[in-house]
Each structure stands twice: as C-alpha cells, then as structure tokens.
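K.L.:
This is a predicted model, with the sequence first.
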2 protein chains.
Amino acid sequence: MSKIVKTGRTPTSEDVARLAGVSRSAVSRTFTDGASVSPKTREKVMRAADVLGYRVNFLARSLSQQRTRLIGLVVSDMDHSLRGSLVDRLARGLVALDYRPFLLPTNPGDDVGHLIDMMLHYNVSGAIVTSDTPPSQIADACVAHDVPLVLVNKAEVGGKVINVSMDSRKAGRMGAEVLYDAGCRSVAIASQRRASHTIGLRKKAFTAACADLGIEIVGDFQGAIQDYAGGVEAAEAFLASGLAPDAAYCVNDYLALGFLDHIRYTAHMDVPGDLKVAACDDIAEAGWQSYDLTTVRQDPSAIAGAAITALINRIDDPDLPVPPIFIDVALVERNSTRAAPSSL
Amino acid sequence: MSKIVKTGRTPTSEDVARLAGVSRSAVSRTFTDGASVSPKTREKVMRAADVLGYRVNFLARSLSQQRTRLIGLVVSDMDHSLRGSLVDRLARGLVALDYRPFLLPTNPGDDVGHLIDMMLHYNVSGAIVTSDTPPSQIADACVAHDVPLVLVNKAEVGGKVINVSMDSRKAGRMGAEVLYDAGCRSVAIASQRRASHTIGLRKKAFTAACADLGIEIVGDFQGAIQDYAGGVEAAEAFLASGLAPDAAYCVNDYLALGFLDHIRYTAHMDVPGDLKVAACDDIAEAGWQSYDLTTVRQDPSAIAGAAITALINRIDDPDLPVPPIFIDVALVERNSTRAAPSSL
DNA sequence: CAGCATTTTGCACGCGCGTGCAACGTAGTG
DNA sequence: CACTACGTTGCACGCGCGTGCAAAATGCTG
C-alpha cells in the first residue's frame, strides 16, 4: 500500500508501461497467469502499477481473450431461504474460482426471453438456472448458442445440459419410512397444484415407498403454490374431507408449516398426537420450536458446489459428458413424528 | 422469428453490414438509441441481423462507450427473507432500466477488499450495498474512484454517498406506541450485541418514545446476532433476570420469533396474556399463525425503488446532491399485543 | 432545373487489452 | 571465442463496437 497518485483518468496498461519504462506487452504479461516475464521487469511493473493504482480492465480483457468468465445466475423466488442460501453459495463459490456471477432475476410467469438475451449480449461463459419456471426455453437457447448450462433441481433435460439435483427419490422414500417407523399406516399427502419437477419426483417416490411398506394413501390435498398459504389451503381441503389418517406428508417445508398451523389452530388437532407430519427441505423454520418438524434436508452448499464443479468442467472441456448428479439428503427427525406423543 | 443461419462464429456487426450491404456504422447506429438512420437502411439491417441472429456485444460496447451500465450489488445474509426480497427487487428494477446487476456476495467477517477490487476491475457504473458488514471500506473506495454508491439501511456516511433506509426512528416510536396503547407500562428490550446501524436507531427511538410515554424499560437482553438463535439467547437472559414487565420489544422479527418460542415453550408463558411482544420488519413468518406477531413493516420494494432512482440520478448527474432518503414504515398489529388476551 | 438546408452515410480512429511472431539478450557448451 | 538453445521483449494486429467528421444523398424552395 504505497501512496497512490491521483489522476483524472483511470490508468491503463500503457500508463504503467511508460512509468515502468517497459512495453505494454510486459505489463500485460505481468498480470497474466502463466505468461513469461523476467523477475526484474515484473518488479518494475508491479511498482509502477502500485503507484498509479492500476487494475486490469476486465471488459477489455474479456473482449480480447474471447471469454468473459461471467456466469449467468437465473434465479426465482429469492425470498425463499433455501434459494437465498443457494444463490449465496453459488456466488461465493464462483467468485472464489475467479468467475463472476451475473444475476438474472425471474419470477414465475415472467418472460425469460429477456434474460436469455442479456446472457447472450454478455457472452457469458456459462449459466446456472435455479428457478421455479420451466427452463426449457433457457435450455434450448443455451444449447443453441453453446453456452454451458447447469440446471439445479429441475427436470432432466437431455443433451448437453447438466443436471444437479437433490436426491428427490431418496428424500421421498425417507419421508415414507420415517412415518412407517412412527407407526403410521395411513397418510394424507399435502402438495401443490403447480408442482415443479423435484416436487413431482418426491411425491412419486413417496407414493411408491408407501406401496412397498403397506401405507395407505387416503388422498392428495393441494394448495396453489409451495408456500405457507399453499399449506393452509391444503389443510382446509384435508379438514373438509373428514378423513382421519395417521399422518400427513407435505411435499415441502413451507407447505408443511402452513398445514401444521392450520390444523392446529383451526381444527385444534395435536401434532404429533392426532396426526404426525413429515416434509422435505429442512429450511431453518422447520427447526423452530413452534414447528419442530421432521423433514429431509437438502444441502444448498453441496448442491452449489457440485453445480459449480460440473459447470467449470464443462467450460474447460465442452465435450466432456456429465451425467446427472444427485446430492445426498439426510433425515432430520424432530417432534412432529414422535412415536409416543402425549403418553407422559 | 425468421430462420436463423447457423454459423461457427457469433456474428458481428461487420457480418450484418456485409449481408445488408451497408457500412458497419449503419449497423451500429441501428442498434443505438437516438442515432440517426434512415428507415430503409434500418429495415435492411434489422432483416440481416435477424437472419444471422446478431446481438450487440455489450462488452465491446461498454469498452467503447466508457460506461458499463453494470451495478455492483454487495449483499450479505441472503438467506434472510428480507434480503432476498430486496435483492430480487433491486435486480429486477435495474434490469428493467437497462442496467445489469453484478452480484457480490459477502458475509459478516469477510474481507470486502476483494469485492471492491472486482467492482473496479469491471468499471461498474454504480454500486448498491446492503450488507450487515460495516461498509466504510467500500464507501471510501467508491468515493475515491468516483463510483456512485447507495447504502441501504446503513450508517449515514457523509459526502458523496447516498443513503436509503427505512424510517427507523418512526419504526421504533411506533413499537413503543402500540405497546402503550395495549396498556403496557414496563417493557424489556431484546436486542443483539453486534447491532447494525438501523437496529441502533430503532432501539434509540424506541427508548426515547418510552421515556415520552412513561413506559419503564426494565432491561436490555441480548443475543449474539439478529437471528432466531439470538432471540432464544435473549429470552434465556430475560427469564434468568426474573423480571416481569408487561411487554417485550424485539429489535427485529427473527429475534422476536426465537424469543417468543423460548418464553412460550420453556417458560410456558402466554403471549399476549403474560407478556405482549412487538418487533420490527414484518418478515413473512411474523404473520404465520404460530406467531401472529405485531411488528412494523419495512417495504423492500419501496426501498429498492428509491435506491435505484437515487443511484441513477447520481449516475446521470454526479454532482447532484442527494439527501438521505427515509422510506415510510407501517404498523402491522397482530395478536401478540392484543389488549384482552385470554378474557374469553 | 439550380441552389440550398438537412439528413444520411462511410471512413477512420479509439476504447484497453492479449498474443503470435520475430528480434533480442543471455547463458551454457564445446 | 564461436555456436546454440532458450527465456524475454517489443511490435503489430485483432477483439467488437461507438462516434466525430466530412462527403454524399436527399428533400425543399424558388
């Protein structure tokens, strides 16, 4: 940190070259990994750069190198805590590897054409999509323009698109197993009408596991979206049905929390006494004392890490085939499925 | 959507010019707002561009125009739902105005020097900081490099930095008033040791309003951070004190939820029967039935909108003075401060 | 048709940087 | 010392695009 000379313009490599008494090439090479510069010139250049406060202009570098190291991050529903975590991990991971995250926000119902356009305008080196909107349009565009693409928790689009997801099948199965172990033999499902691919897989796996274990599924009650409100809606439908299974399986935590609250406060049912509840995701709220929800954890850090690794491998070698990646999940057993509820 | 000719290279303006039979300048002008092109050439150019699938290379444009239209978004704690909402609104608002959000994630304790470096490497046109880390380092760097900067919910740094915050003083006062109206005359504060500037303002305003209204403050119980866990910690300290005020004021919602859960499930206190609770932020969870928390809403959309407007004004006219902006807040009265609790 | 005002167009340069190529310097060997 | 091999250096070109300037084309008026 030596003294920095203030100048009107932001300094360029030419300024540095002049001050250091070398050519512009030498400056460029000093700041390029793997380029060949003698220790003496490097020293001179670094000193001059320090004095001027020089920084490589990444835009110019991208232009000349024909690669931007920009990664498009297509994200929806950022106020969901899992999304927030995921985006955080993705962005931090990318920055650590000298890639730059370019945020492209979308919400269900938005026109994604605009976002695709923007990615292409910037020649992104790759993209990661973790939105709830069907990504086929994005996938097609990326494939057509040779932009390496990772889909997180989305449908397995074939071809050159990389898929990274939580192990939804295992998650669904674990949900059934934990309910079975808690003694449940009949169960209601709470789900959502506009189901995403992951959610669909969970449900299918849960249903299959129930069949294996001999758990009867008495009905599937749905809310509009995967939301607290959606859970309330599902609970209303469930209560209206008059059915009385041992348990309810909610396809995700937000839904479960709304479901729980509604059956508790409106129908005055006891969980886990009158009904056991299991769900999937393990958002922070699931662990709060008011809910204490048994659920299956998906790990945003692991997912982000795998997505980044896969993407960068694909960038480095576009022809490398990358099979779908499934990130392991873990059961988090809490009070909502406790076997002997109010026995004390 | 006519047929697009596949070519190995991504097409450049020169390709379009050749196909359209005009000069490259004409192509450039066609895609530049406010440039002068005759309808005929524009038509020819558009047709050729459509055929080739041409898009302006924004990096090259940024380089030549000397402005990138990139906005650095420095964000921490993205898994907090308010942060997520704010980032979403910011990113969408920026994209709508033809600026591009550049995500720079940070977490408390991180070295922000790296992020600053990145912003300068990319010549961002401006920056918005909404992190919980003290932003003075970022502020200094931005001022030194003439990067317009907006701080959201941060300390009012003087000089050329723009401040946009919720009206913390009003929020604190409203918290006191709603408790007073509910009949409370003594109150405990639950807060956090590593308090941010906004939190500090809330607390100060709350304290001042209590003095005005004649509410006694019996103590300030603190958790480590503004978190559910922090709230639990504060509740433990509160319970250990043996004090029995009418109410508790929590400096934010996450804290309040942990506080609530702990005093309910560990000390078996009734809210609002034994203790009324008010807080600040109005995160989604505050409205959930298990909590039904009275709180003061800050509006992420309004904050984002104001931040963007202010930033762009400053970009367009760097010398325009922009006084600190305070976004109005609104009381959301729910059950946790209900006057006649278990009277029925 | 001539003469003028007004667009429209193309040329050429610059934005800041990476890199192949040839010239240069240096060290090492016989 | 002569010769070779190799690491350094500088030149010049290219990355894709915007834009001032002067030439060309157009429209308008008399």
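P.N.:
Now that the structure is in, tell me what you want to look at. Note that this is a predicted model, so its numbers are computed, not measured. Numbers count the residues shown, from 1 in each chain, chains lettered A, B, ... in the order given.

K.L.:
The residue most central in space within chain A: what secondary structure?
P.N.:
Centroid-nearest residue in chain A: A:L86, 4.2 Å away (criterion: C-alpha atoms, centre = their mean). Following DSSP: H, G, I helix; E, B strand; the rest coil, we place A:L86 in the helix state.

K.L.:
wait, isn't A:V332 in contact with A:D282?
P.N.:
Yes. Judged on C-beta atoms under 8 Å, A:V332 makes contact with A:D282 at a distance of 5.3 Å. All C-beta spots, glycine's among them, are computed from the backbone N, C-alpha and C.

K.L.:
Is it correct that A:I217 falls within a strand?
P.N.:
Yes. The assignment for A:I217 by three-state DSSP puts it in a strand.

K.L.:
Backbone torsions only: list them for A:I189.
P.N.:
phi -100, psi 140 (degrees, to the nearest 10).

K.L.:
Below-threshold pLDDT in the stretch 1-150 of chain A: ranges please.
P.N.:
A:1-8, A:134 (pLDDT under 70).

K.L.:
Repeat the analysis, applying 80 as the threshold.
P.N.:
By pLDDT under 80, the low-scoring segments of the stretch 1-150 of chain A are A:1-9, A:108-109, A:132-135.

K.L.:
So which residues of the stretch 101-250 of chain A form helices?
P.N.:
Taking DSSP state H, counting those that start in this stretch as the test, the helices found in the stretch 101-250 of chain A are A:113-121, A:136-144, A:168-181, A:197-213, A:228-241.

K.L.:
angle of the second one against helix A:113-121?
P.N.:
Counting by axes from the mean of the first three to the mean of the last three C-alpha atoms, to 10 degrees, helix A:136-144 points 20 degrees away from the direction of helix A:113-121.

K.L.:
Show me which positions of helix A:136-144 end up buried.
P.N.:
Within helix A:136-144, the residues that count as buried by 16 or more other C-beta atoms under 10 Å in any protein chain shown are A:I138, A:A139, A:A141, A:C142.

K.L.:
domains of chain A?
P.N.:
Chain A resolves into domains spanning A:13-56, A:67-166+A:300-328, A:168-298+A:332-337 when parsed by automatic domain parsing.

K.L.:
related to what we said a few turns ago, ok, and the closest non-adjacent residue to the residue nearest to the centre of chain A?
P.N.:
Leaving aside its sequence neighbours, A:L86 sits nearest to A:P300 (C-beta to C-beta, 6 or more residues apart in numbering or on different chains; 4.4 Å).

K.L.:
With A:A26 instead?
P.N.:
Per C-beta to C-beta, 6+ apart, closest to A:A26 is A:T41, 5.1 Å.

K.L.:
What of A:I199?
P.N.:
Nearest one to A:I199, counting by C-beta to C-beta, 6+ apart, is A:V251 at 5.0 Å.

K.L.:
ok, now A:L19?
P.N.:
A:A48 (4.1 Å).

K.L.:
What number of residues are in the vicinity of A:A244?
P.N.:
The number of residues packed near A:A244 is 11, by other C-beta atoms under 10 Å in any protein chain shown.
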